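Trainee: Show me how the following folds:
(one chain, ligands or ions: 1)
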Amino acid sequence: MLQHAVTGRSGALAIVACDAATDGRRSSDDVVGCITAQLEEIIAEDASVSGRGAPHSAPAGACSLVLLTLVVRADLRKQGVGSTLLAALRRRGRELKASGIVTDVAAANEAANSFFTASGFKKGSSSRGGSDSMIELTLPLGCSN
Ligand SMILES: CC(C)(COP(=O)(O)OP(=O)(O)OC[C@H]1O[C@@H](n2cnc3c(N)ncnc32)[C@H](O)[C@@H]1OP(=O)(O)O)[C@@H](O)C(=O)NCCC(=O)NCCS
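Mentor: Now for the predicted structure:
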């Protein structure tokens, strides 16, 4: 699996997972998954207060990665592609000195909730109720990740 990492000037980050072609060539058909994120400064006055952008107790001025999208081709799920993409994002986040990763996921999205929980994310606040409910998930980026 080949991965491409791009970090834009604004802190936008995209990592794409591709099938390793046996003949060394690739085409757009080879894309099997993608993860995107945005590096954002933690703006909470007291960054130790749990909230969006503050994955854990972080010093003022610290940055966190807001995970925007993660998707794996439907016929290739449950084979470790999502975990590989997340691991690449964690590595990149540590390189960028991000204190953690934060994301929102629909409460009704059982696969995603299972994935993020299995990956070490902790559940935070939830918004709205019923089927529209969104859950905030956070993952600190320590040296041991
Ligand atoms: C969520 C998603 C990215 C997971 O990708 P994936 O490649 O299938 O995940 P992995 O194979 O790396 O799974 C790692 C672990 O997550 C958990 N997990 C993943 N999919 C699961 C499912 N459908 N049901 C239960 N647990 C699941 C398991 O614990 C799994 O470990 P295991 O295979 O040893 O049991 C994928 O299901 C997807 O693209 N969903 C649609 C888009 C989406 O909802 N994205 C998240 C919100 S942005």
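Trainee: measure the residue nearest the centre of the chain to Ala20 for me?
Mentor: For the chain, the residue lying nearest the average C-alpha position, counting by CA atoms, centre = their mean, turns out to be Leu67 (3.9 Å). Taking CB to CB, to the nearest Å as the measure, Leu67 falls 25 Å from Ala20. Backbone N, C-alpha and C define where each C-beta goes, glycine included.
Trainee: Isn't Leu13 up against Ala88?
Mentor: No. Between Leu13 and Ala88 there is no contact under CB atoms under 8 Å: 9.9 Å.
Trainee: between the two, who's got more neighbours?
Mentor: Leu13 (24 against 19; other CB atoms under 10 Å).
Trainee: how about the longest helix seen in the chain, does it get close to the ligand?
Mentor: In the chain, with assignment by DSSP state H, the single longest helix is helix 81-95. Yes. On the criterion CB under 6 Å from any ligand atom, helix 81-95 is in touch with the ligand at Val81, Gly82, Ser83.
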